[in-house]
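# Coordinates for the following, if possible.
(one chain, ligands or ions: 1)
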Amino acid sequence: MKRIAVFASGFGSNLQALIDYEAGGNLNGSIVLVFSDNGKAYALKRAEKYGIKTMHFCIRDFKSRVEFDSRILKSLKSENIDLVVLAGYMLLLGGKIVSEYRGRILNIHPALLPSFKGTEGIRDAFEYGVKVTGVTVHFVDEGLDSGPIILQETVTIAETDNLETLEKKIHEVEHRIYPLAVKYFCEDRLKITGRKVSILNIYK
Ligand code: GRF
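You can find the predicted model right below:
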């Protein structure tokens, strides 16, 4: 059973979707740690409710980025974490964490990468006026929203949509496909070749 750490800075609805999926016996992994860089994140409350160990500290409390990253890495190692799942984590991960956990960090982005990178993917797509946007789950590398793509699903922007209704549609897709990608990882079914990710036994 893979040991999973979820990193979240805010509301944690994706964390909730993962917790629910695990509770349904489908994940083949276990969320053993939730980390936040924001002590007020509602994600921490969700974790506590389910008895999941939480950890939070703020980058401002460290002398440097390197020390902040080392503290995170130390905990990941002491908890024997196999997979880091970023779920609304608003900081870029430090290079040391990315290199030590290469191929073992996932992120979800609320747009069809490589379009609309950054923290406002839903709004940026909506304001640009695209007719189709969507959700991307990808591995994390050193760049911003730039790692190999695991899953993507499209969301159509209707004439009648506003930002709020689009957000709702995007989140529904996120909550469905993120648990699936994590499950694939936990079952060792993701094979990375350069930028391409194959899902082994896709119909399983
Ligand atoms: C999601 O839209 C995710 O795609 C983005 O941040 C948001 C987090 O939402 N990376 P939540 O905290 O999981 O509710």
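
# rest of the way, CA atoms for contacts and neighbours
OK.

# could you list every residue that touches Gly10?
With contacts defined as Cα atoms under 8 Å, 6 or more residues apart in numbering, Gly10 is in contact with 38, 40-43, 88-89.

# can you check Phe126 too?
Phe126 touches 157, 163, 166, counting by Cα under 8 Å, 6+ apart.

# which of the residues you listed tops the neighbour count?
Leu166 (22 neighbours; other Cα atoms under 10 Å).

# Which SSE is immediately downstream of the host helix or strand of it?
Using DSSP states H and E, Leu166 maps to helix 163-186. Using DSSP H and E, the helix or strand that follows helix 163-186 in sequence is strand 190-193.

# Can you tell me the strand partners of the following helix or strand past that next one and which way each runs?
Proceeding C-terminally, strand 190-193 gives way to strand 196-199 as the next helix or strand, assigned by DSSP H and E. Using DSSP bridges, strand 196-199 pairs in its sheet with strand 190-193 (antiparallel).

# Just give me how far the partner strand sits from the chain centre.
Relative to its chain's centre, strand 190-193 lies at 18 Å (Cα atoms, centre = their mean, to the nearest Å).

# just stretch 171-178 next, same as before
Distance of stretch 171-178 from the chain centroid (Cα atoms, centre = their mean) equals 11 Å.

# What residues sit buried inside that stretch?
Within stretch 171-178, the residues that qualify as buried are 171, 173-175, 177-178, counting by 16 or more other Cα atoms under 10 Å.

# Same question for stretch 112-119.
Quick answer for stretch 112-119 (16+ other Cα under 10 Å): 112-113, 116-117, 119.

# For the protein, which residues are neighbours of the ligand?
Counting by Cα under 6 Å from any ligand atom, the chain comes close to the ligand at 10-15, 87-88, 108-110.

# could I get the residues you listed as CSV with secondary structure?
Converted to CSV, these look like this (DSSP: H, G, I helix; E, B strand; the rest coil):
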residue, secondary structure
Gly10, coil
Phe11, coil
Gly12, coil
Ser13, helix
Asn14, helix
Leu15, helix
Ala87, coil
Gly88, coil
Ile108, strand
His109, strand
Pro110, coil
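
# Make TSV out of these and add pLDDT.
Output for these, formatted as TSV (pLDDT from 0 to 100):
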residue	pLDDT
Gly10	97
Phe11	97
Gly12	98
Ser13	98
Asn14	98
Leu15	98
Ala87	98
Gly88	97
Ile108	98
His109	98
Pro110	98
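
# and these, which are buried?
If you count burial by 16+ other Cα under 10 Å, the buried members of the residues of the chain next to the ligand come out as 10-15, 87-88, 108-110.

# Alright, calling it a day.
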